[in-house]
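>>> below are the sequence and a predicted model for it; my questions follow.
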Amino acid sequence: CVQSEMFLRQAAGLRSWLQGHTAVSAAISSIARCSSPFTTPAESLCSSAAKDKDLRVDVCVIGGGPAGFAAATRAVDFGKTVCVVEKGRLGGAGVYNGAFSSKTMWEQSHVARTVMQHVPGYMASMENVHQVIRNNQSIRASQLVRELDFSPGVTVIYGDAQFSSRHQVDVELCPVESAWSEASGDRCLHQGNVAGNKVRVTADNFIIATGSRPRHLPKVCSVDGMRIVTSDEVEQLPSFPKSMIIIGAGVIGCEYAAIFSNFGSTQVHLVNQRRPRLLPGEDEDLSSMITRNLESVGVCLHNDGSLVALENKGDHVEAVMKPKHGKEYRIQAECALLSVGRVPNTDGLGLELAGVQCDVMHGGVVNSGLCDTSAHNVKVAGDASVDVGLVSVAEMEGRRAVEELFCTPESRALEHSSSYCADWMTPVRYDNLASIMFLEPEVACVGLNEQEALARGIGYRVCRVNLEMAARTLIFSGARRKNGFVKMLVTDDDEMRLLGMRAAGVEASSLIESGCLTLMHDRSIRELVDLVHPHPAVSEVVQECARALVGTSVFSPAAFPEAMDVRRVPGLSEEEAIQCHAYGAASVPSYLASA
C-alpha cells in the first residue's frame, strides 16, 4: 500500500511541475474551460424582458452571498416566492475576494513551492495565479446560476436596497458585471433591462444577509488599492511585490503571510499588533509551530508592538512601529496589506424604518436569538450580525432563518419532503463550531483548547500525536511528512467525553470532522477507538490519539516521547473555583497553569 501510494505521489508531483509551466498551464486551463461540466451560461437565468418595476414576494433576501443564497434556496423548499437583492456579484465574498479565492491562492502557493523544490530557478507567475482563480470562480458561479435555474419563484435584482417601510424596500438598480452583463428577463433585473433606475419590492418577510467588508484605519492610513490594500484588492495585484508589510496577524493576515512567502518572490513583514505571540487564543504548542514554519519560509514577525503610522511614499510604503519596550523603528516595503478585521455591510439599508436595531459600536444587526432581530418579520444571517465570520456559519444561519419563518406543525411531519423541519430543531451551539486556518500548515479547531479548559477550572486528559505516526504521512515528501499533529482533550473521568480537538497539517480540515460529530452528540472518544479506518490514511492518527488516551494505542508514548504525549491535568477544587470565578481566569493556580 505504502509503495503504491508513493508512486502515485510522484506522479502527482510531476503533474504539478507540468502545470507550473506557462505554456502547458495555459493549455490545461483552456481545456478545462471548454470541458467544464458547469457550462450553463449566466444569461440562461433570464429569458424575457421585464415589464413590471414593482415586485411582490413572500420573502426578500438582501445579499446574495453564502448566507443569502442558502436562505433563498431553502425558501424554495417551502414553496415560497423569493427576491434576492445583490449589489455586486452573486456569491459575494464567499466566491470573490474571500474564502474561496484566497484558498485557491493558498493552494497554488503550495504547488509553486513544491515545484521550486524540484525545479531550480522556477518562479510562479501572478498572471497564471489570476487565471486559476478566475477559472475556479467561473465554475463556482456557474454552479450557483444552475441552481437558480432549477429554483422556481426566485428573482434576482442587482442594486442597492433601502427599506422604505417594514414591508417594502426600494432598490436602485446597478449594472451587472462580467457574464451577467447581457442578462435580461423577469427573473433577473438590473439597470440594463428595466426602464428607470428603481424597483420596489414588497415582502412579508426579510432576511438581512449583506455580509461584511475589510475594516479600514482612516486615522492611520488611506487605502488606495495599489500601495496600501485590503483583502479586497490584494488578489488583484499585477505581480508579486518584492516586499510586503501585513498589518494584523489574525487568521487572514497569517494566511496571506503564508501565501506570499510560499510563492518565494516576496519578503513578508507580519505585524502582530499588541500581542506577544501568534494565535494567542490557541495553545502554545500550536502557536509556536505556526511561528517556526512561517519564519522558515522567510516571514519576519514583529510581535507585541503597535502601528503608529503607515505612509504611502509613492514608490513604496513605510510603517512606523512602536514596540512595547524600546524605540520606534520603521519598516519599508513595496506595498502593505491592511488586515485588521471586517465590518458589517449595514449602513445605508435604512434598517430603522423596518424597526431593526443595530449595535452603535460595530454597526451589526442586534440579534436577540439565533437569527431574530428587533423586528418580528426580519431575520439576520451571516456577517451582518458580527457573530462568527465563517462561510459555513453564514450558510447555516441563512437556512435556519428561513426555517424559523416557515416551519409549521405540518412541515415537521413531512419527513420525506424538502420542506421537512425536525422536531429537534434547536439553536446552534456556537461553542461547537469547527474552523480552519490555512496557515503553514493548515489548522482545524473545534471545542476547547488547554488554556480555555484551565481558565474554566475543568479537569481534563490530553493527548497529542504527531502525524508522522501514521503510515500515510511517511509517503509525503519534505515538511509535510512531520509537520503537524492531532490533539484531543477529554473529561477527566471514565467516560472520557471529548472536550475539544485540534488538527494541524495535511488534511486537517478532514481530520477534524470526527471530533465535530463526537462533540455535537457529547459522546465518548471510546467510540472513535472502535472505528475501522482505511489504510493507509492520515485519519488513523485520530484513532491512535483516542487509543492512547484509553491506554490501548499501537505505539506507546514511552517508545515515542518526541511524537506522542499523554497527560492528566486535575480540575480546580471548590475553593479554587470560587476564587477563579471571583477574580477571573488570570487567577488559575500556578500549578495548573504549568501542568
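Received it, and whenever you're ready, just let me know what you need. All of these numbers come straight from a predicted model, not from anything done at the bench.
>>> what residue ranges in the stretch 301-450 of the chain score low on pLDDT?
Scanning the stretch 301-450 of the chain for pLDDT under 70 picks out 368-369, 409-427.
>>> which SSE is immediately downstream of the lengthiest helix in the chain?
Across the chain, the helix with the greatest residue count (assigned by DSSP state H) is helix 126-149. As assigned by DSSP states H and E, the chain's next helix or strand after helix 126-149 is strand 154-165.
>>> what helices and strands are in contact with that following strand?
strand 54-62, helix 66-77, strand 82-86, strand 168-173, strand 188-189, strand 198-208 (3 or more Cβ pairs under 8 Å, 6 or more residues apart in numbering; DSSP states H and E). Heads up, the C-betas are built off the backbone N, CA and C, glycines and all.
>>> and the first one, which residues are buried?
Using 16 or more other Cβ atoms under 10 Å as the test for burial, strand 54-62 gives 55, 57-62.
>>> what is the least confident helix or strand in this protein?
Scoring the helices and strands of the chain by mean pLDDT, DSSP states H and E places helix 22-35 at the bottom, with a mean of 38.
>>> count the residues that sit near the closest residue to L390 other than its chain neighbours.
Spatial nearest neighbour of L390, excluding adjacent residues (Cβ to Cβ, 6 or more residues apart in numbering): S435 at 6.2 Å. S435 has 16 neighbouring residues, counting by other Cβ atoms under 10 Å.
>>> and the one 10 residues further on, by the same measure?
Neighbouring residues of C445 were enumerated by other Cβ under 10 Å; the total is 24.
>>> now do A112
Residues near A112, counting by other Cβ under 10 Å: 23.
>>> repeat for the one 3 residues further on
One way to gauge burial is a neighbour count; for V115, by other Cβ under 10 Å, it gives 19.
>>> where does it land in three-state SS?
Secondary structure, DSSP: H, G, I helix; E, B strand; the rest coil: V115 is helix.
>>> S125 is in contact with that one, correct?
No - V115 is beyond contact range of S125, at 11.8 Å (criterion: Cβ atoms under 8 Å).
>>> any idea which of the helices and strands packed on strand 154-165 scores lowest on pLDDT?
Lowest mean pLDDT of the helices and strands packed on strand 154-165: strand 188-189, a mean of 74.
>>> what strands line up against that one, and which way round?
Here strand 188-189 is paired, per DSSP bridges, with strand 154-165 (parallel).
>>> any idea how far the strand it pairs with is from the chain center?
27 Å (Cα atoms, centre = their mean, to the nearest Å).
>>> what average pLDDT does that strand get?
On average, strand 154-165 scores 94.
>>> what are the buried residues along it?
Those would be 154-163, for strand 154-165 by 16+ other Cβ under 10 Å.
>>> go on, stretch 311-329?
311-312, 316-317, 319, 321.
>>> tell me the one among the buried residues of strand 54-62 nearest to V554.
V61 (51.3 Å; Cβ to Cβ).
>>> how about the closest one, what does it touch?
Applying Cβ atoms under 8 Å, 6 or more residues apart in numbering, one finds that V61 lies in contact with 68, 71-72, 75, 82-85, 206-207, 209, 398.
>>> try S435
For S435, counting by Cβ under 8 Å, 6+ apart, the contacting residues are 390, 444-446.
>>> if we go to 10 Å?
251, 388-390, 392-393, 443-446, 509, 512 (Cβ atoms under 10 Å, 6 or more residues apart in numbering).
>>> quick check on those: which are buried?
251, 388-390, 393, 443-446, 509, 512.
>>> of those, closest to N97?
Checking the buried ones among the contacts of S435 against N97 with Cβ to Cβ, the nearest one is G389 at 13.8 Å.
>>> hang on, that closest one packs against L433?
No - using Cβ atoms under 10 Å, G389 makes no contact with L433, being 11.1 Å away.
>>> what is the nearest of the contacts of S435 to G326?
V251 (27.9 Å).
>>> what's opposite the residue lying closest to I228 once chain neighbours are set aside in the beta bridge?
Computed as Cβ to Cβ, 6+ apart, the closest residue to I228 that is not its neighbour in sequence is A336, at 5.0 Å. With DSSP bridges as the criterion, A336 is bridged to I228, I245.
>>> offset the numbering so it begins at 765, please.
Right, with 765 as the first residue, what we last looked at is A1100.
>>> what is the burial count for A1100?
Applying other Cβ under 10 Å, we find 30 residues neighbouring A1100.
>>> now swap in L1203 and tell me
The number of residues near L1203, taken as other Cβ under 10 Å, comes to 23.
>>> contacts only, for it.
Taking Cβ under 10 Å, 6+ apart, we find L1203 in contact with 870, 1015, 1018-1019, 1021-1023, 1042-1043, 1050, 1053-1054, 1057-1058, 1268, 1272.
>>> just D1329 next, same as before
1049, 1226-1230, 1249, 1251, 1312, 1321.
>>> buried subset of those residues?
Looks like the contacts of D1329 have 1226-1230, 1249, 1251, 1312, 1321 buried, using 16+ other Cβ under 10 Å.
>>> ok, so of the contacts of L1203, who is nearest L912?
W870 (28.8 Å).
>>> against which helices or strands is the helix or strand that contains the closest one packed?
W870 belongs to helix 863-882 when assigned by DSSP H and E. When contacts are defined as 3 or more Cβ pairs under 10 Å, 6 or more residues apart in numbering; DSSP states H and E, helix 863-882 packs onto helix 766-783, helix 890-913, helix 1015-1027, helix 1155-1170, strand 1199-1202, strand 1206-1211.
>>> out of those, the one nearest R977 is which?
helix 1015-1027 (12.6 Å).
>>> next SSE after that closest one?
Downstream of helix 1015-1027 (by DSSP H and E), the next one is strand 1031-1037.
>>> what mean pLDDT does that following strand get?
95.
>>> packing partners of the helix or strand just after it?
If you walk from strand 1031-1037 toward the C-terminus, the next helix or strand you reach (DSSP H and E) is helix 1048-1060. Contacts defined by 3+ Cβ pairs under 10 Å, 6+ apart place helix 1048-1060 against helix 1015-1027, strand 1031-1037, strand 1064-1076, strand 1206-1211, helix 1214-1220, strand 1249-1255, strand 1262-1268.
>>> for these, give me CSV that also has distance to T966.
Below are the helices and strands packed on helix 1048-1060 laid out as CSV (distance: least, Cβ to Cβ, whole Å):
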stretch, distance to T966
helix 1015-1027, 39
strand 1031-1037, 47
strand 1064-1076, 46
strand 1206-1211, 42
helix 1214-1220, 47
strand 1249-1255, 52
strand 1262-1268, 47
